[in-house]
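Peer 1: Below is the structure, and that's it, no one-letter string:
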DNA sequence: CAAATCAATAGCTATGAGTTATCAATTAGA
DNA sequence: TCTAATTGATAACTCATAGCTATTGATTTG
């Protein structure tokens, strides 16, 4: 009956191959010489290869033994690397993190977060995808995404979330619009304007929040256009297709044809949340969450 | 106290990673489920990495476990290749054969031998070096050479030899020399010519054999030039520096300026021998010797 | 020729791989 | 709402074998 090959055999072989001396090698391995002899014999029988030439008072490697010796050095090295890499993966120090986000999060939050995270864990790779809120939630549940940035009030059961940014809105007007931050008093001044808003489908929760804002200010807006990109909104506003309301984080310092009026005084806020599946065991997720929870 | 990592652990892990089911994997490995669980746990402790997520009724790989699974496939494959290659080396089916030879052996013997051997063992590489007889013997004893082709009567103790070619001599004359194979009767006809011979140092044994030939024919030759290359001999003969005697195997079919007269009737023969050290354990040597001994 | 040095062998010991029996937790079916 | 079935983990045992001691045999050395 043939024995199973074990790493023990290879470790012992390596020691004898280095020392070319059973007694010394055995001492170094903290086992007895006969035990070592037996294990080497077993290795030779298992491989069906003669590894050593035992002469009267000296031991030599056969060509096959010499070959095995050089290969094993690489081999053990390879095994150690596999183990070390597994440990890094286990601790989330290397790996892959799949992120998704609503377009507006890319303006401020995501870039800062990624920069900070990369500094801490430079070996973790990201994949980034912009998608609407519902698609993001589906991605989380199917484990296609690890972490999503959404504007959603109520999440599906089982997902966890953490508010990342709680922000007021601001008006977007053409640069030459008669109303500016001094003459602005209340939203009712715009009851006869057309509004360009983010698509309802893209983020129902956000859309609902904006509508609430209008309702609390006593009118229902005329919505002339829908889009999912803030740049499109700015272009349309600049060309007098209407005015708009967006989260403050989308306010740009130097946008050519438009101006912004912050609505800080109104109580309404939109919340950008980081959302994840607590069952997702990607260790890199734990690490990026730690960064967010501070 | 930490256990040693053994191939057993990795084999068991692989089975569980494939089945994602401890009981099934245990069955496949012909061990009990608790034993398998214990070994996997030991592996996880040793690596300090969680490899599986044990849920209530299903087992899943962690990212680190998934990584380990893919790496191990390559890993075991690599180990098998090392073992297989060791076996080939052990049987002399791959490897390296260091040959040395006296220049005259390259004319006929070595090429034929190498062609036949390469046909049988295409994966064995040769290294070939021309050197004088004494250097060849030294190379054999220091294991720098595996097999030597020499012209030597008595070998150092311990080396073994096998005659490869036993050949007569032949005269080398300028093409327009008055004597040809018809008018040639006996060597005495050349007692007043100068002779160009192989260097004594290069092969004392051969030199001695040639001198014997002259002595048996009743004269001591005038030796005008020594060289170690047959081509140099032919050039000198062609240009009337003298005549020569060489082993028959150096006779060329179509040498421009010289003609050959075989001395088959004389009893003198020179022997080309293959020589090796029986203590040399290069398995490829055994295989090429088998070819020679036929 | 005695003493020292080497690896192999024989026979014993005890560690730990693998066993059986059981538990705890959950799911599926009646 | 039970029961039966299915899962992996745990506990306690047992037996195979890794490793031990003592010895041999072969050789070198002083």
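Peer 2: Now that the structure is in, tell me what you want to look at. Since this is a predicted model, take the numbers as computed values, not measurements.
Peer 1: Correct me if wrong: residue A:86 contacts residue B:50.
Peer 2: No - contact criterion Cβ atoms under 8 Å: residue A:86 and residue B:50 do not qualify, at 9.8 Å. Every C-beta, even on glycine, is put in place using the N, C-alpha and C of the backbone.
Peer 1: Can I take it that residue A:261 is in a strand?
Peer 2: Yes - assignment of residue A:261 by DSSP: H, G, I helix; E, B strand; the rest coil places it within a strand.
Peer 1: re earlier: looking at residue A:86 and residue B:50, which one has more neighbours?
Peer 2: residue A:86 (24 against 16; other Cβ atoms under 10 Å in any protein chain shown).
Peer 1: what helices or strands is the helix or strand harbouring the more buried one leaning on?
Peer 2: For residue A:86, the host element (DSSP states H and E) is helix A:63-90. Judged by 3 or more Cβ pairs under 8 Å, 6 or more residues apart in numbering or on different chains; DSSP states H and E, the packing partners of helix A:63-90 are helix A:7-19, helix B:33-47, helix B:63-90.
Peer 1: can we see that at 6 Å?
Peer 2: In terms of contacts (3 or more Cβ pairs under 6 Å, 6 or more residues apart in numbering or on different chains; DSSP states H and E), helix A:63-90 is packed against helix A:7-19, helix B:63-90.
Peer 1: The stretch 151-294 of chain A: helices as residue ranges?
Peer 2: Secondary structure of the stretch 151-294 of chain A, counting by DSSP state H, counting those that start in this stretch: helices at A:204-216, A:230-238, A:283-293.
Peer 1: In CSV: these, plus distance to chain B and mean pLDDT.
Peer 2: Converted to CSV, those look like this (distance: least, Cβ to the nearest Cβ, whole Å; pLDDT from 0 to 100):
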stretch, distance to chain B, mean pLDDT
helix A:204-216, 32, 91
helix A:230-238, 35, 90
helix A:283-293, 7, 88
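Peer 1: between these, which gets nearest to residue B:216?
Peer 2: Closest to residue B:216 of the helices of the stretch 151-294 of chain A is helix A:283-293 (Cβ to Cβ; 91.8 Å).
Peer 1: Domain ranges for chain A, per the record?
Peer 2: The record assigns chain A these domain ranges, following automatic domain parsing: A:7-90, A:95-162+A:275-293, A:169-268.
Peer 1: List the buried residues for the helix or strand encompassing residue A:24?
Peer 2: Per DSSP H and E, residue A:24 falls inside helix A:22-28. By neighbour count on 16 or more other Cβ atoms under 10 Å in any protein chain shown, the buried set for helix A:22-28 is A:22, A:25, A:26.
Peer 1: Can you name the residue of the stretch 101-250 of chain A nearest to DNA strand D?
Peer 2: residue A:143 (20.6 Å; Cβ to the nearest atom of the strand).
Peer 1: hang on, that residue is in a helix, isn't it?
Peer 2: No - assessed with three-state DSSP, residue A:143 is coil; it does not lie in a helix.
Peer 1: phi, psi of the nearest residue to it once chain neighbours are set aside?
Peer 2: Spatial nearest neighbour of residue A:143, chain neighbours left out: residue A:280 (6.0 Å); criterion: Cβ to Cβ, 6 or more residues apart in numbering or on different chains. Backbone dihedrals for residue A:280, given as degrees, to the nearest 10, come out at phi -70, psi 120.
Peer 1: burial count for residue A:280?
Peer 2: Residues near residue A:280, counting by other Cβ under 10 Å: 17.
Peer 1: Which of the domains of chain A comes out lowest on mean pLDDT?
Peer 2: Among those, domain A:95-162+A:275-293 carries the lowest mean pLDDT, a mean of 87.
Peer 1: ok, now how distant is the residue with the largest distance to the centre of chain A from DNA strand C?
Peer 2: What lies farthest from the middle of chain A is residue A:56; by Cα atoms, centre = their mean that is 63.4 Å. Using Cβ to the nearest atom of the strand, to the nearest Å, we find residue A:56 at a distance of 7 Å from DNA strand C.
Peer 1: cool, residue A:160 as well?
Peer 2: For residue A:160 relative to DNA strand C (Cβ to the nearest atom of the strand), the value is 20 Å.
Peer 1: Now the residue nearest to the spatial centre of chain A. Its backbone dihedrals?
Peer 2: By Cα atoms, centre = their mean, chain A has its centre lying nearest to residue A:97, at 2.6 Å. Main-chain torsions, residue A:97, degrees, to the nearest 10: phi -130, psi 120.
Peer 1: Count the neighbours of the spatially closest residue to it that is not a sequence neighbour for me.
Peer 2: Counting by Cβ to Cβ, 6+ apart, residue A:97 lies nearest to residue A:284, which is 4.8 Å off, once chain neighbours are set aside. Residues lying near residue A:284 (other Cβ under 10 Å) number 25.
Peer 1: what does residue A:282 give?
Peer 2: 21.
Peer 1: and residue A:129, what helix or strand is that in?
Peer 2: If you go by DSSP H and E, residue A:129 is part of strand A:124-130.
Peer 1: excluding its backbone neighbours, what's nearest residue A:20?
Peer 2: With Cβ to Cβ, 6+ apart, the residue lying closest to residue A:20 is residue A:59, at 4.9 Å.
Peer 1: For the one you found, grab phi and psi.
Peer 2: Phi and psi for residue A:59, reported as degrees, to the nearest 10, are phi -110, psi 130.
Peer 1: who in chain A is up against DNA strand C?
Peer 2: A:21, A:22, A:23, A:33, A:34, A:37, A:38, A:40, A:41, A:54, A:57, A:59 (Cβ under 7 Å from any atom of the strand).
Peer 1: Could you tell me which of those count as buried?
Peer 2: A:22, A:37, A:40, A:59.
Peer 1: So the third one versus DNA strand D, what's the distance?
Peer 2: Meaning residue A:40. From residue A:40 over to DNA strand D (counting by Cβ to the nearest atom of the strand), the distance is 10 Å.
Peer 1: for the last one, same thing?
Peer 2: Using Cβ to the nearest atom of the strand, we find residue A:59 at a distance of 12 Å from DNA strand D.
Peer 1: Cross-check the contact I'm expecting between that residue and residue A:19.
Peer 2: No - applying Cβ atoms under 6 Å as the test, residue A:59 and residue A:19 come out as separate, 8.5 Å apart.
Peer 1: ok now stretch A:207-217, how far from the chain's centre?
Peer 2: In terms of Cα atoms, centre = their mean, to the nearest Å, the centre of stretch A:207-217 is found 33 Å from the chain centre.
Peer 1: Now that stretch: buried residues?
Peer 2: Neighbour-count burial for stretch A:207-217 flags A:207, A:209, A:210, A:213, A:214, A:217 (criterion: 16+ other Cβ under 10 Å).
Peer 1: Next, the contact list for the last one, please.
Peer 2: Read that as residue A:217. A:187, A:188 (Cβ atoms under 6 Å, 6 or more residues apart in numbering or on different chains).
Peer 1: Then the fourth one?
Peer 2: Applying Cβ under 6 Å, 6+ apart, one finds that residue A:213 lies in contact with residue A:268.
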